[in-house]
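Undergrad: only geometry, no sequence info:
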């Protein structure tokens, strides 16, 4: 999964002299999370919806006409923007995007290609990615198994069991804990299984009979969680 295929294309760009009140209007009207700040063709910073809300909240708390006038007519994006923001390349992977976001504690990245801002990745795109993975719009049934050690053949065995119970497997996601992932050693993972099935209870029973621990199950037909 490449960032180019998930980012907001042709993002709205503003310059550092844009009034913060105008940036707030753009963010609100277009339901955006962040705006890259570009001057002279170069990325200079990033202003987010949170920046604007904080400033507006401060002004509302002071209840000062002078503060409101300053916010509305004089406070500029360059006064509060994040300078030299962390960026992603259009050719980076979404896995790298998620890792960097977690490491840096941020939810928005300008996306660069050839020194130009070509897109934005924000929490909106990340939520969309998660929704696609979990089949949020397809109303799949599902179970979460584990924790268990993934060995050669484990995933195939789970798929065979689920399909043997009359279900149609849509996706299987082994989820490693962050502190365990990537060290090359055997470690326990949870396994999320998404499928279409007429009888969720039958799938759960087959998995449990095979020795798997079912941590939770979701039945989209009756919209109940267990």
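TA: Structure's in. What do you need? If you're wondering where the values come from, they're calculated on a predicted model, not measured in any experiment.

Undergrad: wouldn't residue 124 be in contact with residue 33 here?
TA: Yes: Residue 124 is within contact range of residue 33, at 5.9 Å (criterion: CB atoms under 8 Å). (Glycine included, C-beta is placed from N, CA and C.)

Undergrad: what ranges do the strands span in the chain?
TA: Per DSSP state E, the chain carries strands over the ranges 8-9, 34-39, 42-48, 82-83, 88-89, 109-113, 116-121, 141-149, 168-176, 188-196, 214-219, 224-225.

Undergrad: Now the second one: buried residues?
TA: Just to be clear, that refers to strand 34-39. Across strand 34-39, burial judged by 16 or more other CB atoms under 10 Å covers 34, 35, 36, 37, 38.

Undergrad: Let me know the closest of those to residue 169.
TA: Residue 169 lies nearest to residue 34 out of the buried residues of strand 34-39, by CB to CB, at 37.3 Å.

Undergrad: so what's the closest one up against?
TA: Residue 34 sits next to 27, 46, 47, 48, 49, 108, 120, 122 when contact means CB atoms under 8 Å, 6 or more residues apart in numbering.

Undergrad: re the thing from before, least trustworthy position among the buried residues of strand 34-39, going by pLDDT?
TA: In terms of pLDDT, residue 34 ranks lowest among the buried residues of strand 34-39, with 92.

Undergrad: Could you find the closest non-adjacent residue to that residue?
TA: Excluding its sequence neighbours, the residue lying closest to residue 34 (CB to CB, 6 or more residues apart in numbering) is residue 108, at 3.9 Å.
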